[in-house]
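>>> I'll drop the sequence and a predicted model, then ask my questions.
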Amino acid sequence: MSVRESREAIVRADRRHVWPPYTPADAHETSEPLVVVEAEGAWLTDADGRRYLDGNASWWVANLGHRHPRLMRVLAEQAQTLTHVAMAGITHEPAALLAEELVQVAPRGSSSAPVLTRVFYTDNGSGSVEAAIKVATQFWRQSGRPEKCRFMALDGAFHGDTVGAASLGGVEIFRRPFAGILFDCVRAPSPSDHGAAFEVMEQLIRARKDELAAVVVEPLLQGAEGMRMYEPAWLARLRACCTENDVLLVADEVFTGYGRTGRMWACDHAGIAPDILCLGKAFASLLPMGAMMATDRVYDAFRGAKDRAFYYGHTFYGHPLGAALAREVLAIYRDEGVVQQAAAKAPLIARAMQSLGSLTGVVAPRSLGMVGAVDLGNGGYEGDIGWRVYAEAKRRGAYLRPLGDTVYVCPPLTISEADLLALLDIFGESVRAALAG
């Protein structure tokens with residue numbers, strides 16, 4: 001079978017049988033997908049041999065690029081000895097040592113000692129948020145405050161696709177189909193688009209402190225809403241307000257963690273540590289895995305009688321392959337100065353976004369760390385201009401999947417400067433072409 005015949009067979013099977021995420025059915029069955037056969041570094045290669053720069057790090061996961069040689073080596077080595085075992089009365093080196101290492105690198109705020117001391121493993125980022133919701137609820141019930149069972153989240157929030165995580169979400173297109181089964185959430189205005197957002201949130205927290213279990217936020221950067229950004233001072237004030245009113249603060253760093261914002265954690269920009277931290281995406285790089293981290297105060301509420309245990313867990317909790325990879329991810333970050341690399345390259349993205357600000361039709365050019373974005377028109381998630389940019393970029397050799405009429409770059413943190421400049425050139429050319437068309 002020729003390469004072309006093979007490609008056509010793959011597309012035919014995909015259109016006939018695959019149900020893709022976040023994609024209208026008719027578009028899936030008529031659009032021409034990339035058939036990726038290989039990925040390395042910042043590049044994807046399709047079945048026709050054409051290469052594309054991966055402009056969104058494969059949905060914000062490939063912070064270290066594709067097929068990092070150290071990760072491939074660890075994956076092969078771990079697969080030779082232990083691939084999966086139930087962590088029920090069993091432990092193993094990768095999961096135990098990974099937890100120890102995560103405690104050392106997690107946000108500390110102003111403390112010199114670790115603050116987040118307990119690690120609960122999950123299959124992905126949504127699972128870590130789901131675990132956080134359940135832990136926060138059970139924490140207050142077992143602390144003698146069962147009435148504290150509601151959650152506050154921001155307008156435009158996105159915390160995952162499971163029912164609990166989606167209940168926290170504030171992106172209407174993701175909530176609308178499931179409105180009848182999502183739990184009610186106290187909604188606060190996003191600081192990215194509301195000048196008095198903190199004052200409103202502070203009033204809500206004070207008024208509802210006796211019913212709020214936790215406030216859940218994406219620190220500094222609301223990704224799926226359209227890369228909406230806000231200042232660290234707002235997050236610092238929120239931490240202080242939650243402490244003052246005895247409400248848990250949950251930081252969802254599934255996207256923002258691991259150097260994406262130019263610091264290891266977005267919380268570090270504000271000098272704060274949450275009560276619960278949610279991790280995923282870049283966590284293990286090659287395989288699905290995430291974690292929820294909590295303070296001793298939270299963990300200690302689960303001591304005592306058997307019925308106080310946290311009866312929750314995933315089949316692949318702490319699986320050895322993922323844990324070994326996650327340990328190596330942390331080692332690579334240390335050895336290769338990945339966060340420092342990202343901080344050094346961030347100004348290139350900032351300049352590229354600002355250079356587009358003079359174009360008619362471009363709104364709110366912005367950047368934070370290794371993320372840059374602009375808005376095109378007012379179509380939101382259901383707009384078409386962003387998809388024109390997608391098509392233009394694809395013709396030029398880059399994969400730039402938009403968030404409706406928000407187009408953005410979010411490349412691997414390890415992308416070379418030359419490749420990053422090439423990606424940014426394609427981004428600018430594609431925006432100009434889409435607006436002209």
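On my side now, so go ahead.
>>> what does the helix or strand hosting Ala76 contact?
Assigned by DSSP states H and E, Ala76 belongs to helix 69-79. For helix 69-79, contacts defined as C-beta atoms under 8 Å, 6 or more residues apart in numbering pick out 64, 94, 285-286, 320-321, 324-325, 327-329, 331-332. (Each C-beta comes from the backbone N, C-alpha and C, glycine too.)
>>> and Leu34, what does it touch?
So Leu34 contacts Leu44, Asp46, Tyr52, Lys394, Tyr399 (C-beta under 8 Å, 6+ apart).
>>> so which of the residues you listed is the closest to Ala343?
Of all the contacts of Leu34, Ala343 sits closest to Tyr399, with 24.3 Å by C-beta to C-beta.
>>> give me the pLDDT value at the closest one.
Note on Tyr399: pLDDT of 98.
>>> likewise for Arg70?
98.
>>> do you know how far it is from Gln104?
Separation of Arg70 from Gln104 (C-beta to C-beta, to the nearest Å) stands at 20 Å.
>>> Leu423 now?
Distance from Leu423 to Gln104, by C-beta to C-beta: 34 Å.
>>> what does Ala350 give?
For Ala350 relative to Gln104 (C-beta to C-beta), the value is 31 Å.
>>> before we move on, what about Phe174?
35 Å.
>>> now Asp155
Taken as C-beta to C-beta, the span from Asp155 to Gln104 is 35 Å.
>>> give me the more crowded residue out of the two.
Between Asp155 and Gln104, counting by other C-beta atoms under 10 Å, Asp155 is the more crowded of the two (19 against 9).
>>> related to what we said a few turns ago, farthest-apart pair in the contacts of Leu34, please.
Leu44 and Lys394 (10.9 Å).
>>> what's the overlap in contacts for those two?
Leu34, Tyr52.
>>> list the buried residues for the strand or helix carrying Ile133?
Ile133 belongs to helix 125-141 when assigned by DSSP H and E. Applying a neighbour-count criterion of 16 or more other C-beta atoms under 10 Å, one finds 125-133, 135-141 buried in helix 125-141.
>>> ok, so of the residues you listed, who is nearest Asp296?
Checking the buried residues of helix 125-141 one by one against Asp296 (C-beta to C-beta), the nearest turns out to be Phe139, at 12.0 Å.
>>> apart from its chain neighbours, what residue comes closest to that closest one?
Nearest residue to Phe139, sequence neighbours excluded (C-beta to C-beta, 6 or more residues apart in numbering): Ala301, at 4.8 Å.
>>> doesn't Gln142 make contact with that neighbour?
Yes - with contact defined as C-beta atoms under 8 Å, Ala301 counts as touching Gln142 (4.7 Å).
>>> which residues do the two both contact?
Joint contacts of Ala301 and Gln142 (C-beta under 8 Å, 6+ apart) are Arg308.
>>> mind checking the SS state of the nearest residue to Trp140 once chain neighbours are set aside?
Distances taken as C-beta to C-beta, 6+ apart put Lys148 closest to Trp140, at 4.0 Å, once the chain neighbours are dropped. Following DSSP: H, G, I helix; E, B strand; the rest coil, we place Lys148 in the coil state.
>>> if I look at Lys148, how far off is Arg141?
Taking C-beta to C-beta, one finds Lys148 at 8 Å from Arg141.
>>> likewise for Ala76?
From Ala76 to Arg141 the distance is 45 Å (C-beta to C-beta).
>>> what's the answer for Thr23, then?
Taking C-beta to C-beta, one finds Thr23 at 40 Å from Arg141.
>>> next one: Tyr299
15 Å.
>>> and Ser167, by the same measure?
From Ser167 to Arg141 the distance is 18 Å (C-beta to C-beta).
>>> quick check: Gly383 touching Val389?
No - between Gly383 and Val389 there is no contact under C-beta under 8 Å: 10.7 Å.
>>> these two: who's more crowded?
The neighbour count for Gly383 versus Val389, taken as other C-beta under 10 Å, is higher for Val389 (27 against 18).
>>> and Gly109, helix, strand or coil?
coil.
>>> show the contacting residues for the residue nearest the centre of the chain.
For the chain, the residue whose C-alpha lies nearest the mean C-alpha position (C-alpha atoms, centre = their mean) is Phe255; its distance is 2.1 Å. Contact analysis of Phe255 by C-beta under 8 Å, 6+ apart lists Trp60, Gly125, Glu218, Leu221, Gly223, Lys281.
>>> so it lies in a strand, does it not?
No - going by three-state DSSP, the assignment for Phe255 is coil, not a strand.
>>> per-residue confidence at it?
Value listed for Phe255 in the pLDDT field: 98.
>>> same question, Ser2
At Ser2, pLDDT is 61.
>>> what of the one 4 residues further on?
Each residue has a pLDDT score; the one for Ser6 is 90.
>>> check contacts around it.
Applying C-beta under 8 Å, 6+ apart, the residues near Ser6 are Ala47.
>>> equivalent analysis for His194, please.
By C-beta under 8 Å, 6+ apart, the neighbours of His194 are Asp155, Val200.
>>> and it, helix, strand or coil?
His194 - assigned by three-state DSSP - is coil.
>>> filter the contacts of Leu34 down to the buried ones.
By 16+ other C-beta under 10 Å, those give Leu44, Asp46, Tyr52, Lys394, Tyr399 as buried.
>>> just send those residues back as CSV, with distance to Gly357 too.
Formatted as CSV, these follow (distance: C-beta to C-beta, whole Å):
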residue, distance to Gly357
Leu44, 29
Asp46, 33
Tyr52, 26
Lys394, 24
Tyr399, 24
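>>> where does the prediction get shaky in this structure?
1-5 (pLDDT under 70).
>>> how is it partitioned into domains?
34-67+337-436, 74-336 (automatic domain parsing).
>>> can you list these in a markdown table and add distance to Arg12?
Formatted as a markdown table, these follow (distance: least, C-beta to C-beta, whole Å):
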| stretch | distance to Arg12 |
| --- | --- |
| domain 34-67+337-436 | 11 |
| domain 74-336 | 28 |
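>>> before I go, just wanted to say thanks for your time.
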